[in-house]
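[1] no sequence on this one, just coordinates:
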């Protein structure tokens, strides 16, 4: 099967490409660094020639809501229009659990909500796969606020999922029929984001001190706001297993 992966050079995109190629599929990599620009549409028609299905694992700016909405909106419109011209039969979007909850101040989520809207109202049959935060998310969040050896992290509970497990599900879903909104995808265990950050940084050999703060990013998220729903698909890799791989 000929499948295109948008965001192919990113973390999840590269893992998805590897999973699809392992299973014998013909994979087209879509990335600005490879000459295909979603923000302008340049190179899309040529890249999608003969493509039957597309995985969209692109990432974008997250500092400003207006910028995030503009980026995801423009990129998604170009991609869907090119898919319609090429006769693509299935568009699979990687999204985030909780997008229906408009958390205040989260620019990235605003962009992803616009992306979900365009896909669900668009011309190409679709599946949206909402995943929880990845195992390396706590380290990323600590990096947002780290200053002079201290990082503030919100004490919120998450149920993180391994990036490799997300890629396996995307590779599975894209080869099947469109399903609309897919069940939430999450890892097997719940963790406090502060503890995750401390343990991850320690495994990296970092001496950054992690301080709990409700004023930190995500501190305004309501209890349970980042957790999967009852019908969630549970991926196998635990945070502890992922962490052990860092050592």
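    Arrived safely, thanks for sending. What you are looking at is a predicted structure, and each value in this text was computed from that prediction instead of being measured.

[2] Please count neighbours and contacts with C-alpha atoms only from this point.
    OK.

[3] Which strands or helices does the lengthiest helix in the chain pack on?
    In the chain, assigned by DSSP state H, the helix with the most residues is helix 65-86. In terms of contacts (3 or more C-alpha pairs under 8 Å, 6 or more residues apart in numbering; DSSP states H and E), helix 65-86 is packed against helix 44-47, helix 107-120.

[4] Can you tell me which of those is nearest to residue 128?
    For those, distance to residue 128 was read as C-alpha to C-alpha. The smallest value, 7.5 Å, belongs to helix 107-120.

[5] chain center to that closest one: distance?
    12 Å (C-alpha atoms, centre = their mean, to the nearest Å).

[6] Report the residue spans of this structure with pLDDT below the cut-off.
    100-105 (pLDDT under 70).

[7] Would you map the strands across it?
    Along the chain, the stretches classed as strands by DSSP state E are 2-6, 26-30, 53-56, 90-96, 126-131, 150-153, 157-158, 180-181, 185-186, 191-192, 209-212, 233-234.

[8] Quick one: those strands as CSV, columns for mean neighbour count and distance to residue 198 too.
    Listed next are the strands of the chain as CSV, based on neighbours: other C-alpha atoms under 10 Å; distance: least, C-alpha to C-alpha, whole Å:
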stretch, mean neighbour count, distance to residue 198
strand 2-6, 24, 33
strand 26-30, 20, 35
strand 53-56, 26, 32
strand 90-96, 24, 23
strand 126-131, 24, 23
strand 150-153, 23, 10
strand 157-158, 22, 14
strand 180-181, 15, 34
strand 185-186, 28, 21
strand 191-192, 14, 10
strand 209-212, 18, 6
strand 233-234, 17, 24
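
[9] Same list (those strands) but as JSON lines, adding distance to residue 165.
    Formatted as JSON lines, those follow (distance: least, C-alpha to C-alpha, whole Å):
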{"stretch": "strand 2-6", "distance to residue 165": "16"}
{"stretch": "strand 26-30", "distance to residue 165": "19"}
{"stretch": "strand 53-56", "distance to residue 165": "15"}
{"stretch": "strand 90-96", "distance to residue 165": "13"}
{"stretch": "strand 126-131", "distance to residue 165": "10"}
{"stretch": "strand 150-153", "distance to residue 165": "25"}
{"stretch": "strand 157-158", "distance to residue 165": "16"}
{"stretch": "strand 180-181", "distance to residue 165": "18"}
{"stretch": "strand 185-186", "distance to residue 165": "9"}
{"stretch": "strand 191-192", "distance to residue 165": "18"}
{"stretch": "strand 209-212", "distance to residue 165": "28"}
{"stretch": "strand 233-234", "distance to residue 165": "10"}
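
[10] out of those, nearest to residue 44?
    Nearest of those to residue 44, taken as C-alpha to C-alpha: strand 26-30 at 8.0 Å.

[11] who does the closest one pair up with?
    Using DSSP bridges, the strands paired with strand 26-30 are strand 2-6 (parallel).

[12] For residue 84, find the nearest of the strands of the chain.
    Ranking the strands of the chain by proximity to residue 84 (C-alpha to C-alpha) places strand 90-96 first, at 10.1 Å.

[13] contacts for the closest one?
    Under the contact criterion C-alpha atoms under 8 Å, 6 or more residues apart in numbering, strand 90-96 has outside partners 52-57, 112, 116, 119, 124-133, 170, 173-174, 177-178.

[14] start to end distance for stretch 98-116?
    By C-alpha to C-alpha, to the nearest Å, the extent of stretch 98-116 from end to end equals 12 Å.
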